[in-house]
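Visitor: Give me coordinates for this.
(2 chains)
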Amino acid sequence: QKEVEQNSGPLSVPEGAIASLNCTYSDRVSQSFFWYRQYSGKSPELIMSIYSNGDKEDGRFTAQLNKASQYVSLLIRDSQPSDSATYLCAVNRGISNFGNEKLTFGTGTRLTIIP
Amino acid sequence: DGGITQSPKYLFRKEGQNVTLSCEQNLNHDAMYWYRQDPGQGLRLIYYSQIVNDFQKGDIAEGYSVSREKKESFPLTVTSAQKNPTAFYLCASSLTGDLYEQYFGPGTRLTVT
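Guide: Model prediction:
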């Protein structure tokens, strides 16, 4: 089992709809979870971080964390063509060491917003 | 303007040559990281450093070396011992403490022929 798993996609969503991206992880003690957006040929850009169970909203983005199910998701509301990118899920390994974090990245989900 | 810079953006080398990739940050971050990204694979950690003059191997350190002589700088050397050096190399940095999100530089695309 991979440490961090994401569907590779591509995931196609009509403009204006909700895009739902999912990520599962294997390390039960992981405490920090991150979503990065990566445009083709560019570096990853941090868009959300979440540390507690539940939802965290930031503009059109909502991160959802369920530690019991070892599942983290990212919802993008009112999807725009500019949201078309690869979304990477990242999870810290083991007990958080507050700054000496080793992250494990998923391989990413490619999202395409269809105008 | 605060940020992370990496240079050069593109780098071409012949097999058997060592090459050093630059990473500089002016965010006053304590921790710095090097990753490589290959098509279809997640980012893989090469080396990381929490403080000046100290660094640790990541998951794929063989064939790479680093130094951390200044807080702002964390150069990566890809040696001739690295069997598959062609990749997209990403440098990241983070604070320590409660806020430790990692932020990435623009990356260096290295091609070795």
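Visitor: Okay, buried residues for stretch A:10-24 please.
Guide: A:11, A:13, A:19, A:21-24 (16 or more other C-beta atoms under 10 Å in any protein chain shown). Any C-beta I mention is one placed from the backbone N, CA and C, and that applies to glycine too.
Visitor: SS state for the nearest residue to B:K70 once chain neighbours are set aside?
Guide: Leaving aside its chain neighbours, B:K70 sits nearest to B:V52 (6.7 Å; criterion: C-beta to C-beta, 6 or more residues apart in numbering or on different chains). Using DSSP: H, G, I helix; E, B strand; the rest coil, the structure places B:V52 in coil.
Visitor: quick one, phi/psi of A:D83?
Guide: phi -80, psi -10 (degrees, to the nearest 10).
Visitor: Isn't it up against A:R77?
Guide: No - contact criterion C-beta atoms under 8 Å: A:D83 and A:R77 do not qualify, at 10.1 Å.
Visitor: So between these two, which is more surrounded?
Guide: A:D83 (18 against 13; other C-beta atoms under 10 Å in any protein chain shown).
Visitor: Contacts only, for the closest residue to that one other than its chain neighbours.
Guide: The spatially closest residue to A:D83, leaving aside those adjacent along the chain, is A:I113, at 5.2 Å (C-beta to C-beta, 6+ apart). A:I113 is in contact with A:12-15, A:19, A:79-84, counting by C-beta atoms under 8 Å, 6 or more residues apart in numbering or on different chains.
Visitor: could you redo the last one with a cut-off of 6 Å?
Guide: By C-beta atoms under 6 Å, 6 or more residues apart in numbering or on different chains, the residues touching A:I113 are A:13, A:15, A:79, A:81, A:83-84.
Visitor: Inside strands: which ones of those residues?
Guide: A:V13 (DSSP state E).
Visitor: what about residue 31, neighbour count?
Guide: The chain I'm using is chain A. 16.
Visitor: actually it's chain B I care about, not the one you picked
Guide: Count around B:A31 with other C-beta under 10 Å applied: 19.
Visitor: In terms of pLDDT, where does it sit?
Guide: At B:A31, the model reports a pLDDT of 91.
Visitor: distance of the residue nearest to B:I4 when sequence neighbours are not counted from B:G40?
Guide: Nearest residue to B:I4, sequence neighbours excluded (C-beta to C-beta, 6+ apart): B:G105, at 3.6 Å. Applying C-beta to C-beta, to the nearest Å, the value for B:G105 to B:G40 is 22 Å.
Visitor: More neighbours: those two, which one.
Guide: B:G105 (21 against 8).
Visitor: Which residues are in contact with that one?
Guide: Here B:G105 is in contact with B:4, B:6, B:91 (criterion: C-beta under 6 Å, 6+ apart).
Visitor: I appreciate the help and will end here.
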